[in-house]
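A.B. asks: after the sequence you'll find the predicted model.
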Protein chains: 2
Amino acid sequence: MKTFFCPTMVDCGKDVLETLPDIVRAYGSKVFVVMDPFFQDSPLQDKIADLLNGMDIVFYAKVQPNPRDNDINEGAALCHEQNADVIIGMGGGSAIDTAKAINVVATNGGEAWDFVRSTEGTKRQIEKPLLPLIAIPTTSGTGSEATRYSVITNHLTHAKATIKSDLIFPNRALCDPMLTMTVPRKTTALTGIDAFAHCFESYIGSKANDFSDLFSLKGMKLFAENIEKVCADGNDVQARENMALCSTIGGLSITHSATNLPHGIGQALSGVTDAPHGGSIAVCMPQVVRWTLPQGMKRFAETACIFKPELKDLSEEEQAYALPDILEELFSRIIGEKITMASYGLTEDKIDDVVKMAFTSYHGDLSRSPRVPNEEELKELIRSCL
Amino acid sequence: MKTFFCPTMVDCGKDVLETLPDIVRAYGSKVFVVMDPFFQDSPLQDKIADLLNGMDIVFYAKVQPNPRDNDINEGAALCHEQNADVIIGMGGGSAIDTAKAINVVATNGGEAWDFVRSTEGTKRQIEKPLLPLIAIPTTSGTGSEATRYSVITNHLTHAKATIKSDLIFPNRALCDPMLTMTVPRKTTALTGIDAFAHCFESYIGSKANDFSDLFSLKGMKLFAENIEKVCADGNDVQARENMALCSTIGGLSITHSATNLPHGIGQALSGVTDAPHGGSIAVCMPQVVRWTLPQGMKRFAETACIFKPELKDLSEEEQAYALPDILEELFSRIIGEKITMASYGLTEDKIDDVVKMAFTSYHGDLSRSPRVPNEEELKELIRSCL
């Protein structure tokens, strides 16, 4: 069975942020805005305040790169106290994920960690209706504006887990490339790689299907055609818009399929070091493809041809085996330097920690790959990324 | 601005109908089933009754090929009287469109015709919440299970108009190819052509965008690869499943773009003669493409290559000009004979009526085409389809 489902209404395009007042007004006048601390007292905060002039707005900026459950609980209490009519999540994936989780706790009570999935199941189900949620991404990468996921971290145990529910899709998403114009080159590259990874992993993994494929193929094409442009010239509005679209389409890809090995390894690496999400994937993806081949050959070959259509007359094998180098060279070019796991401080003695975290926290990601590693193999694979 | 939006959860696959009890149970126990009269006392009606055993079910089968407003009002009264928890629309596009309209009237009161769009706007808006609606298509063509449209006919004036609202998307759609196994060859061909037309017209028209394109291209590919198989062997489950998917994806295409000239002419033809919907499009589409060229060349060329990948080394012009013959020959082959507007009883003296209806009822369709006809041109175009 194949399922198509994403109830979020996504508007993509230059200046779609201007439509915010009408959207908010339809929901009410008490607005709880969750945003990256980066935006505190920024022109964007002023802009939101201007757009929603006359409404009762609370800005909550206690958002961390790996959102903590205690910050979510604190935000939820504030949101509940304000008796908000609508929540806005504005920023990167962490801000949107935090907004989703705050929505759950503000309306259903309890604590954020009660709602995450674990190997023992989920302690609490979402039972009461949530508030309307508007997602406003300011980077092109996460795709969280079009997913049913909120990834959060336990502030005591540092464990990472996911609230997964069809109820936490945002109601609306405003993907305005003008909000991404000032994102620096390296962040543009790394978030772009994350968007690509959502499409690519959805395409090669065991949950790929006709619905996810349509998003994955389009998203990979948008990445291939725009990431170099946008890294070369951050003021290229059309390329910024295409990357915003790529990011949302990446969200739609994982909504209909799932991530796998590169995300599984990358997230474990981020747990052990301070590697940013996109970077943690960039440093392992080419090696993952090398290690996986000849498994998954056909789809690796198709991906290679998206980047280099001139490969189309080669054999499938030649196309597929060209992919790791294509990715490695492209990633170095757009990031501006060659990065490895060592760049993020990983050392030989910490490899076991990454392996352990990958197997405990990201087992699902590992198991959905065309080739599934055992612990020894994963250790070797990670060592090859140093 | 590009908008992605379809809140319907669509499940596609063999035997997905078996999941109906759990889906219904989540909504309640009083079920109002709108279905084609064809299914009255059929094994499928028995199957639904079995699946929903123990629930309070009312079957309403007063559905006409062009759903009448008075039948809808009557059905809505029954649905309201039963105090239904959930509505099921089961059958072709007419049954699903009738179910959508009954949902509006049963919950909001008034009469169906009050809610249609007209040149003067819409008399009444949907203000009260609708009931959950489950769509179960039994043909692969309409795609209504994934659209915001319900096309209805005024029983007094015979005017056709559309209820268009984001609120009337079905909540769920169960696209089970097993329900289409007994559809006769000719109906399989004609409904399949309708599904293709949704994808093709969405792709060539002025409302095409990145989101609609992803659905349109995939839907056209599914049609090209499966329609001959399914017409040659109605028991080919895989081809039936792919056509069910093609049909839903066609719905998603028009949800994100729109139909244009072939639908505009075809629907007007159906209004004047008794041409079935798919047939009315088949008899004009190749001529529409001939008449439109060289306008829209690039996308006609791409479409031709979907049907005949071997054209890929020809010029864009050669590819595009090959399309009308490709479609004409394919349509004749799958229908089993060459059909024209004369096959549906259109005569020279009725051409003016078709033109008039096209310009009054389907003006939007005409205006969204790569080449927009005036009255004289449309008359000539229709004459060429006789």
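C.D. replies: Perfect, I can see it now. Residues are numbered from 1 along each chain as shown, chains lettered A, B, ... in the order given.

A.B. asks: contact residues of chain A facing chain B?
C.D. replies: Applying CB under 8 Å from any CB of the partner chain, we find that chain A lies next to chain B at A:1-13, A:16, A:146, A:166, A:210, A:213-215, A:217-218, A:245, A:248, A:252. For every residue, glycine as well, the C-beta is placed using N, CA and C.

A.B. asks: what about the spatially most central residue of chain A, which SS state?
C.D. replies: Among the residues of chain A, the one closest to the centroid is residue A:142, at 2.5 Å (CA atoms, centre = their mean). Here residue A:142 is recorded as coil under DSSP: H, G, I helix; E, B strand; the rest coil.

A.B. asks: quick one: it from chain B, how far?
C.D. replies: Note on residue A:142: its distance to chain B, by CB to the nearest CB, to the nearest Å, is 16 Å.

A.B. asks: please name the residues that touch that residue.
C.D. replies: A:92, A:93, A:96, A:191, A:194, A:195, A:247, A:251 (CB atoms under 8 Å, 6 or more residues apart in numbering or on different chains).

A.B. asks: next step: these restricted to helices.
C.D. replies: A:93, A:96, A:191, A:194, A:195, A:247, A:251 (DSSP state H).

A.B. asks: pretty sure the fifth one is touching residue A:224, no?
C.D. replies: This points to residue A:195. No: proximity of residue A:195 to residue A:224 does not meet the contact threshold set by CB atoms under 8 Å, at 11.6 Å.

A.B. asks: those two: which is more packed in?
C.D. replies: Neighbour count, other CB atoms under 10 Å in any protein chain shown: between residue A:195 and residue A:224, residue A:195 has more, with 30 against 19.

A.B. asks: contacts only, for the more buried one.
C.D. replies: Residues near residue A:195 by CB under 8 Å, 6+ apart: A:140, A:141, A:142, A:143, A:219, A:223, A:243, A:246, A:247, A:249, A:250.

A.B. asks: again, only this time at 10 Å
C.D. replies: With contacts defined as CB atoms under 10 Å, 6 or more residues apart in numbering or on different chains, residue A:195 is in contact with A:139-143, A:219-220, A:222-223, A:227, A:243-251, A:253, A:278.

A.B. asks: mind listing the shared neighbours of residue A:195 and residue A:224?
C.D. replies: residue A:246.

A.B. asks: need the nearest residue in space to the residue of the stretch 251-386 of chain A at minimum distance from chain B, chain neighbours excluded.
C.D. replies: For the stretch 251-386 of chain A, the residue closest to chain B is residue A:252, as judged by CB to the nearest CB, at 7.6 Å. Nearest non-adjacent residue to residue A:252, counting by CB to CB, 6 or more residues apart in numbering or on different chains: residue A:215, 4.3 Å away.

A.B. asks: the strands in the stretch 51-200 of chain A, which residues?
C.D. replies: Ranges of strands in the stretch 51-200 of chain A, per DSSP state E, counting those that start in this stretch, are A:56-60, A:86-91, A:117-118, A:121-122, A:133-137, A:149-153, A:160-164, A:172-175.

A.B. asks: domain map for chain A?
C.D. replies: For chain A, automatic domain parsing gives the domain ranges A:9-180, A:185-383.

A.B. asks: what about the first one, start to end distance?
C.D. replies: Between the opening and closing residues of domain A:9-180 there is a gap of 20 Å (CA to CA, to the nearest Å).

A.B. asks: now it, how far from the centre of its chain.
C.D. replies: Mean-position distance between domain A:9-180 and its chain equals 14 Å (CA atoms, centre = their mean, to the nearest Å).

A.B. asks: swap in the longest one?
C.D. replies: Using CA atoms, centre = their mean, we find the averaged C-alpha position of domain A:185-383 to lie 12 Å away from the chain's own average C-alpha position.

A.B. asks: what about the spatially closest residue to residue A:40 that is not a sequence neighbour, neighbour count?
C.D. replies: Leaving aside its sequence neighbours, residue A:40 sits nearest to residue A:61 (CB to CB, 6+ apart; 4.8 Å). Residue A:61 has 20 neighbours, counted by other CB under 10 Å.

A.B. asks: please apply the same query to residue A:316.
C.D. replies: A total of 15 residues lie near residue A:316 under the criterion other CB under 10 Å.

A.B. asks: so which elements touch the helix or strand that contains the residue nearest to residue A:252?
C.D. replies: Using DSSP states H and E, residue A:215 sits in helix A:210-232. Secondary-structure packing of helix A:210-232 (3 or more CB pairs under 10 Å, 6 or more residues apart in numbering or on different chains; DSSP states H and E): strand A:2-12, helix A:185-204, helix A:237-256, helix A:297-307, helix A:316-335, strand B:2-12, helix B:210-232, helix B:237-256.

A.B. asks: report the contact partners of residue A:340.
C.D. replies: Here residue A:340 is in contact with A:282, A:283, A:284, A:287, A:346, A:384, A:385, A:386 (CB under 10 Å, 6+ apart).

A.B. asks: between helix A:316-335 and the helix or strand where the fourth one lies, find me the angle.
C.D. replies: Same thing as residue A:287. Assigned by DSSP H and E, residue A:287 belongs to helix A:285-292. Here helix A:285-292 runs at an angle of 160 degrees relative to helix A:316-335 (axes from the mean of the first three to the mean of the last three CA atoms, to 10 degrees).

A.B. asks: what is the orientation angle of helix A:285-292 with helix A:185-204?
C.D. replies: Using the same axes, to 10 degrees: helix A:285-292 against helix A:185-204 is 30 degrees.

A.B. asks: for the spatially closest residue to residue A:296 that is not a sequence neighbour, phi and psi?
C.D. replies: Leaving aside its chain neighbours, residue A:296 sits nearest to residue A:370 (3.2 Å; criterion: CB to CB, 6+ apart). With angles defined as degrees, to the nearest 10, residue A:370 sits at phi -60, psi -30.

A.B. asks: cool, thanks, talk later.
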